[in-house]
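Engineer: Sequence and predicted structure are below.
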Amino acid sequence: MKLFDVYPLFDINVVKGKGCRVWDDKGTEYLDLYGGHAVISIGHCHPHYVEMLTQQLGKLGFYSNSVVNRLQQQLAERLGPACGYEDYQLFLINSGAEANENALKLASFTNGRTRILAAQKAFHGRTSLAVEATDNPKIIAPINANKHVTYLPLNNLEAWAGELEKGDVCAVILECIQGVGGIRMATAEFAQGLQKLCQAHGTLLICDEIQCGYGRSGKFFAHQWLGIKPDIITCAKGIGNGFPMGAVLIAPHLKPVYGQLGTTFGGNHLACTAALAVLDVMEAEKLVENACLVGEHLMNRLKALQTECAHIVDVRGRGLMIGVELDMPYKEVRTRLLMEEHCFTGCSGTNVLRLLPPLCLTIKEADLFIEKLKRCLTK
């Protein structure tokens with residue numbers, strides 16, 4: 001048997017990590033400015049994280065959700081104050097796609113409607129409803145093309161108002177900073193106007209914080225920069241620092257009904273332990289604040305580099321979620337960074353480098369990346 005080939009792969013076998021560095025099986029060290037698709041929040045192999053997971057595995061790795069799991073309750077009690085949503089309810093699953101899938105189902109259960117509004121260039125996952133809400137026809141299979149979703153331009157409030165006024169929209173789902181879409185940011189004026197429209201028309205507002213949330217923007221959630229409070233918040237990626245986990249944060253006015261939602265593996269003992277360890281480290285090492293501080297430094301350095309290098313068209317983002325738009329396809333620059341400068345970065349579209357490093361990135365490491373990028377762009 002061989003692997004089903006779904007990704008083009010660099011011929012690099014990463015076998016070890018620490019902080020913002022990883023090593024391959026040949027001993028080559030790489031600076032990680034991508035964090036494995038924004039998953040690594042507290043850094044690779046943080047000793048507290050490793051210790052907590054190891055201890056839990058020695059006690060119990062899994063039991064079903066048919067019995068009480070105190071770790072789930074502990075996580076809910078810790079997460080509420082950490083993110084500013086103590087009165088919300090927590091539903092734990094395994095991934096970001098599942099989080100969005102369940103959020104959209106919950107919205108439909110609540111108001112009985114079937115239509116969804118999503119932003120152009122949105123990415124919400126690869127499961128049934130989540131992929132339908134993703135603006136990429138290449139990954140929407142015919143069986144998923146059920147025409148539940150209308151895509152609208154980000155920050156064009158008039159276009160969204162016209163659809164919401166029809167009175168049949170179940171939910172609006174929004175990334176306040178689009179990741180796959182190229183680090184495109186919603187404005188406060190747009191987000192606040194959209195929330196008011198949703199409230200007026202009985203539509204639930206879902207903020208997809210899977211990539212831009214969990215401290216990455218310099219606040220716990222990216223929508224908190226915009227002065228809104230959604231009905232449902234979805235998160236994953238950084239919540240488990242590599243252990244598969246997703247979560248749906250649900251406003252108190254939405255009430256659970258037994259049997260509507262469920263999960264086998266969601267919120268298992270190891271996943272909750274990983275999430276608790278992440279919160280421990282984020283709080284002890286002030287990683288949300290670090291993302292804000294180092295992210296601002298990195299943005300300033302990139303904008304200064306833009307004045308020196310004509311290949312940089314734009315620099316945008318918040319915290320440690322940054323897009324560097326180039327006047328050329330990203331492929332050549334990204335490959336140079338990886339193969340010659342030993343630095344991992346991501347990409348969006350055809351010409352945007354996407355930077356999503358662990359939240360423990362230091363100013364020294366940010367400056368090292370600038371040196372590497374400058375060499376790649378001036379060759």
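Structural biologist: It's in.

Engineer: Next, the distance between the ends of stretch 114-127.
Structural biologist: Its start and end residues considered, stretch 114-127 measures 17 Å (Cα to Cα, to the nearest Å).

Engineer: Would you mark the buried spots in it?
Structural biologist: 115-119, 121-127 (16 or more other Cβ atoms under 10 Å). From N, CA and C alone the C-beta is placed, and that goes for glycine too.

Engineer: Tell me the one of these nearest H223?
Structural biologist: Set against H223, the nearest of these by Cβ to Cβ is A119 (13.5 Å).

Engineer: ok now do that closest one, which residues does it touch?
Structural biologist: Residues near A119 by Cβ atoms under 8 Å, 6 or more residues apart in numbering: 135, 151-154, 174-175, 178, 181.

Engineer: Strands - which of the buried residues of stretch 114-127 land there?
Structural biologist: 115-119 (DSSP state E).

Engineer: thinking again about what came up before, what is the nearest of the buried residues of stretch 114-127 to S64?
Structural biologist: Nearest member of these to S64, counting by Cβ to Cβ, is T127, at 22.0 Å.

Engineer: What distance do you get for that closest one to N351?
Structural biologist: Distance of T127 to N351, given as Cβ to Cβ, to the nearest Å: 29 Å.

Engineer: before we move on, back to that, and the contacts of A119 as JSON lines, adding secondary structure and neighbour count?
Structural biologist: Shown next, in JSON lines, are the contacts of A119 (DSSP: H, G, I helix; E, B strand; the rest coil; neighbours: other Cβ atoms under 10 Å):
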{"residue": "D135", "secondary structure": "coil", "neighbour count": "18"}
{"residue": "Y151", "secondary structure": "strand", "neighbour count": "16"}
{"residue": "L152", "secondary structure": "strand", "neighbour count": "22"}
{"residue": "P153", "secondary structure": "coil", "neighbour count": "12"}
{"residue": "L154", "secondary structure": "coil", "neighbour count": "21"}
{"residue": "L174", "secondary structure": "strand", "neighbour count": "28"}
{"residue": "E175", "secondary structure": "coil", "neighbour count": "28"}
{"residue": "Q178", "secondary structure": "strand", "neighbour count": "25"}
{"residue": "G181", "secondary structure": "coil", "neighbour count": "21"}
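
Engineer: can you give me the helices for the stretch 251-379 of the chain?
Structural biologist: Along the stretch 251-379 of the chain, counting by DSSP state H, counting those that start in this stretch, helices occupy 269-284, 287-308, 330-339, 363-377.

Engineer: May I see the buried residues of the longest one?
Structural biologist: What that stands for is helix 287-308. Residues of helix 287-308 classed as buried: 287-288, 290-292, 294-295, 297-299, 301-302, 305-306 (neighbour count, 16+ other Cβ under 10 Å).

Engineer: same check, this time on the shortest one
Structural biologist: By neighbour count, and taking 16+ other Cβ under 10 Å as the criterion, the buried residues in helix 330-339 are 330, 333-334, 336-338.

Engineer: That helix packs against which elements?
Structural biologist: If contacts are counted by 3 or more Cβ pairs under 8 Å, 6 or more residues apart in numbering; DSSP states H and E, helix 330-339 sits against strand 343-344, strand 346-348, strand 352-355, helix 363-377.

Engineer: hmm, who's touching that helix?
Structural biologist: Residues outside helix 330-339 that contact it (Cβ under 8 Å, 6+ apart): 10, 12, 30, 311, 326, 343-345, 347, 350-353, 372-373, 376-377, 379.

Engineer: Could you tell me which of those count as buried?
Structural biologist: For the contacts of helix 330-339, a burial check counting by 16+ other Cβ under 10 Å picks out 12, 30, 311, 326, 343-345, 347, 351-353, 372-373, 376-377.

Engineer: In the stretch 1-150 of the chain, where is pLDDT below threshold?
Structural biologist: Applying pLDDT under 70 to the stretch 1-150 of the chain flags no residue at all.

Engineer: do the same with the stretch 151-300 of the chain
Structural biologist: Those would be none, if you go by pLDDT under 70 across the stretch 151-300 of the chain.

Engineer: in the stretch 101-250 of the chain, which spans are helices?
Structural biologist: Counting by DSSP H, counting those that start in this stretch, the stretch 101-250 of the chain has helices at residues 128-132, 157-164, 188-200.

Engineer: so which of the ones you listed is the most packed in?
Structural biologist: Per-stretch averages of neighbours, counted by mean count of other Cβ atoms under 10 Å, single out helix 128-132 among the helices of the stretch 101-250 of the chain, with a mean of 22.

Engineer: For R78, which three-state class applies?
Structural biologist: Of the three states, R78 takes helix under DSSP: H, G, I helix; E, B strand; the rest coil.

Engineer: That one against L279, yeah?
Structural biologist: Yes - with contact defined as Cβ atoms under 8 Å, R78 reaches L279; the gap is 5.2 Å.

Engineer: Between these two, which is the more surrounded one?
Structural biologist: L279 (20 against 16; other Cβ atoms under 10 Å).

Engineer: Which residues are in contact with P230?
Structural biologist: So P230 contacts 195, 205-207, 223, 251 (Cβ under 8 Å, 6+ apart).

Engineer: Against L60, how distant is it?
Structural biologist: Taking Cβ to Cβ, one finds P230 at 34 Å from L60.
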